[in-house]
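Trainee: prediction below, plus the sequence it came from.
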Protein chains: 2
Amino acid sequence: MEAPKLELDFTYALQAGKAVQQIMQGAAAEERQLADELQQAWRTLQSRQGAGNDFLGWIDLPGRTSAAELQAMQARAAELRAKSQVFVCIGIGGSYLGAKAIIEALKPAFSLGLSGGPEILYAGHQLSEDYMHELLAYLDGRDYSLCIISKSGTTTEPAIAFRLLRAHLEKKYGKEEARTRIVAITDARKGAMRQLADREGYTAYVVPDDVGGRFSVLTPVGLFPLAVAGIDIQALVQGAAAEAADVAEAGNDWKRNRCLQYACYRQWCYRHGLGVELLVNYDPRLIYMAEWWKQLYGESEGKEGKGLFPASVSFTTDLHSMGQYIQQGPRMLCETVLSLAQGHAVVEIPTDAENGDGMNFVAGRRMSYVNAKAEEATCTAHSAEGGVPVLRVVLPTLDEGVLGRLIYFFETACALSGYSMHVNPFDQPGVEAYKKQMFKLLGK
Amino acid sequence: MEAPKLELDFTYALQAGKAVQQIMQGAAAEERQLADELQQAWRTLQSRQGAGNDFLGWIDLPGRTSAAELQAMQARAAELRAKSQVFVCIGIGGSYLGAKAIIEALKPAFSLGLSGGPEILYAGHQLSEDYMHELLAYLDGRDYSLCIISKSGTTTEPAIAFRLLRAHLEKKYGKEEARTRIVAITDARKGAMRQLADREGYTAYVVPDDVGGRFSVLTPVGLFPLAVAGIDIQALVQGAAAEAADVAEAGNDWKRNRCLQYACYRQWCYRHGLGVELLVNYDPRLIYMAEWWKQLYGESEGKEGKGLFPASVSFTTDLHSMGQYIQQGPRMLCETVLSLAQGHAVVEIPTDAENGDGMNFVAGRRMSYVNAKAEEATCTAHSAEGGVPVLRVVLPTLDEGVLGRLIYFFETACALSGYSMHVNPFDQPGVEAYKKQMFKLLGK
């Protein structure tokens, strides 16, 4: 069954939405340049001749990942699931954010893992000494396996974590059994981790050369940990494939290409002086999707002094913290709402005979009904009253297929948005600056 | 033992830091107005005659909270600890962010609670139907107690959650036992929750009339859940009292008043066109302190079209996502780093005879040493190379006393910063907008 489509709702998008709609209907004169630059971005992406075109592998990933590859990963994942209470993902940035975002979106809130699978923990994504100490102590008492996700094998944070965890694992199980509990996701041929994996006989999956870290969730970087967690990676890839097919079929047609529309919306906001794009959710399961999205957009566009600052809020909770600023602070914000049309469970609000709290006006209603009305109310308050453009990206439900679509949608729109502002959306030259300083201080 | 002092480090604060230092040394002419406005803000705060002066109770909280009150809360908390595997805090915004921030800062990463205490869970802080469904199912199988934190008892999110959880608790234990497992933190005399608490005989603690939600963590709003969690609330209050004493003693002396200095730093940044202040940590335990801080500053300053947008990042992890933007995106950012001078555990990086990952240059070093160098390197890269002012707030360690100091420091600086930009730092008129729309849509 094909994953249901995402929908963009421009109801609350104010002038930004009107601009996109004018362009969809044939471009009013004042929006000509914006429309042209996005069409040019589309052609640049299609031609595969633009800046950073050695990193366009993500475009074809959903199609080029075979059922056999997925099944092989699932089979290996099943072996680890069978003997692990905990599975530790070692990686940083794009090497863990995608997997974590999807796991958090699909995992029950009060369960360590999904559907009887292992608890998924993370390491090598920061340098907290106390965190590592506590992780090692926690693993003392539990059966576990791990994967190391590093193309080079020499990135500081994951390399340190892997030294510590490999030593811990080998001490716990002996060298031979430890080998069966380590999976490396790394370069196909070269680099420290590839060499080690080959020598030690670790199962190894490939980080493709033509896919950058922040675009890599649909490679083994994301897929293998997700398979261990118990996520249906076939459905995830199929969802992305369905979105890819939609995008390809829509082509440069403004009316049908959601990625062009979203890229256009945010470029309109950026070019009209707004500095911050808020990715908004009304369900805490989507909080980590925003962390993944921040890397995707921040790292792709934030260069040469350009780019919308990507930030996030989780409503309704943050309406009681950031709501005041959004409503009445400087008018420098635009919102993109991840709107969840349907959840899984049913919880009705009970009637209270005394009605001391005055809530009987929603008694008998589902919580999701009240949440949907809170969302509608907030969209109106922020846009109509507050002057903040609000675009809604409607997710039909929260499952693998829809998340696959969402990933591909955001990736494509990001490439278009970046090209339209004349930056290379696939490099990250600024990330080296702190590393250089750090190696100098550490005497490397 | 008095909690060790916070320190401000202006090494990386660029022009913003130079301006503050000039002011500290007697104000160069070009900084006259900024200095004068902050001195005026100090006088306004001291006079207690400024805008919102019916909400200045937070100033005296550390001094006016008696040992007897704290002990009474601790005794009641001990009763609940003894019979609860889980403790549910129902509240939204300032009614839960402070407690959560402190619990996350002090709780071991892989433990459900602190030192054998109950797991602390949250409800009524959003409207996710699936979250509530899963919470109720989780509580089916566990002994639990709860507190409801709501001055009025009629705020939509906590009121709905309390209806559901109270019914669940009464069904599980019977009405009588349920009464002993519910604590209300609410108005002293009026409102729906006070009435209910009195009628049902719930233990009830008072949300003072003169303390707003975002300044309430040192009232029972924060203190009672913290006591249940196993936090030393006496040490927390003593830390805040030590900071209050320092501030009072420093008075309007630029050289000694850290709150004036921080308020001045961020006002310089704001007045020089920077739009976003990033609260930065290098340890994930501090992530929730940033959520509390966002409400404090966003809600206090974000009005009348004014205010720095408060955002947060957690390094080194986000150096691999937001690092690119911070290094090379639009120069609209300033950073405030929560710098942790010392953690608790020791983890040394092992030597590897093969050194395939090339990390032997840090073998034998502690992880915290590498983390500190990463922080130093990043401060240099972002400020000297990137032009982003970086102020470091150095926390001597992470314990109750230091966190008490930090809370009082941020609160005082926030009041000064808000007054200096001529807004009322203690109201939040914009928060009503979405509520009005919501009640209309829900047919209230």
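Mentor: It's in.
Trainee: as a check, name the ranges of all helices in the stretch 151-300 of chain A.
Mentor: A:156-180, A:192-200, A:220-229, A:233-250, A:258-271, A:287-301 (DSSP state H, counting those that start in this stretch).
Trainee: give the other helices and strands that the second one contacts.
Mentor: Using 3 or more Cβ pairs under 8 Å, 6 or more residues apart in numbering or on different chains; DSSP states H and E as the contact criterion, the secondary-structure elements in contact with helix A:192-200 are strand A:182-186, strand A:203-206. For glycine as for every other residue, the C-beta is placed from the backbone atoms N, C-alpha and C.
Trainee: in TSV, list the ones you listed along with mean pLDDT and mean neighbour count.
Mentor: Putting the helices and strands packed on helix A:192-200 into TSV (pLDDT from 0 to 100; neighbours: other Cβ atoms under 10 Å in any protein chain shown) gives the following:
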stretch	mean pLDDT	mean neighbour count
strand A:182-186	98	26
strand A:203-206	97	20
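Trainee: for the ones you listed, which one sits closest to chain B?
Mentor: strand A:182-186 (11.5 Å; Cβ to the nearest Cβ).
Trainee: which residues are in contact with the closest one?
Mentor: Identification of contacts with strand A:182-186 by Cβ atoms under 8 Å, 6 or more residues apart in numbering or on different chains yields A:76, A:80, A:91, A:95, A:145-153, A:166, A:169, A:193-194, A:196-197, A:200, A:202-207, A:220-221, A:224.
Trainee: bridging residues for the closest residue to A:Ala311 other than its chain neighbours?
Mentor: Leaving aside its chain neighbours, A:Ala311 sits nearest to B:Ala311 (4.9 Å; criterion: Cβ to Cβ, 6 or more residues apart in numbering or on different chains). Judged by DSSP bridges, the bridge partners of B:Ala311 are B:Leu278.
Trainee: mind checking the SS state of A:Ser84?
Mentor: coil (DSSP: H, G, I helix; E, B strand; the rest coil).
Trainee: quick one, phi psi at it?
Mentor: The phi and psi values for A:Ser84, taken as degrees, to the nearest 10, are phi -130, psi 130.
Trainee: tell me the pLDDT at it?
Mentor: With respect to pLDDT, A:Ser84 has a value of 98.
Trainee: count the residues that sit near A:Gln46.
Mentor: Counted with other Cβ atoms under 10 Å in any protein chain shown, the burial measure for A:Gln46 works out to 13 neighbours.
Trainee: could you dump the helix or strand where it lies to CSV, C-alpha only?
Mentor: Following DSSP states H and E, one finds A:Gln46 within helix A:32-47. Extracted C-alpha coordinates of helix A:32-47, given in CSV (Å, rounded to 0.1, in the frame of the first residue of the first chain):
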residue,chain,number,x,y,z
ARG,A,32,9.0,36.8,-11.2
GLN,A,33,12.5,36.7,-9.9
LEU,A,34,11.8,34.4,-7.0
ALA,A,35,9.9,32.0,-9.3
ASP,A,36,12.7,32.1,-11.9
GLU,A,37,15.4,31.4,-9.4
LEU,A,38,13.6,28.4,-8.1
GLN,A,39,12.9,27.1,-11.5
GLN,A,40,16.6,27.5,-12.2
ALA,A,41,17.4,25.7,-9.0
TRP,A,42,15.1,22.9,-10.2
ARG,A,43,17.0,22.7,-13.6
THR,A,44,20.3,22.8,-11.8
LEU,A,45,19.3,19.9,-9.6
GLN,A,46,17.9,17.9,-12.5
SER,A,47,21.0,18.5,-14.7
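Trainee: closest one to A:Glu376 among the helices of the stretch 151-300 of chain A?
Mentor: Proximity to A:Glu376 (Cβ to Cβ) singles out helix A:258-271 among these, at 19.3 Å.
Trainee: next, the buried residues of that closest one.
Mentor: Of the residues in helix A:258-271, A:258-270 count as buried by neighbour count, 16 or more other Cβ atoms under 10 Å in any protein chain shown.
Trainee: other residues contacting that helix?
Mentor: The contact list for helix A:258-271, computed with Cβ under 8 Å, 6+ apart, reads A:6-8, A:10, A:13, A:15-17, A:19-20, A:23-24, A:31, A:34-35, A:37-38, A:41-42, A:246-247, A:250, A:252, A:254, A:277, A:307-308, A:334, A:336, A:389, A:391, A:393, A:409, A:412-414, A:416-417, A:420-421.
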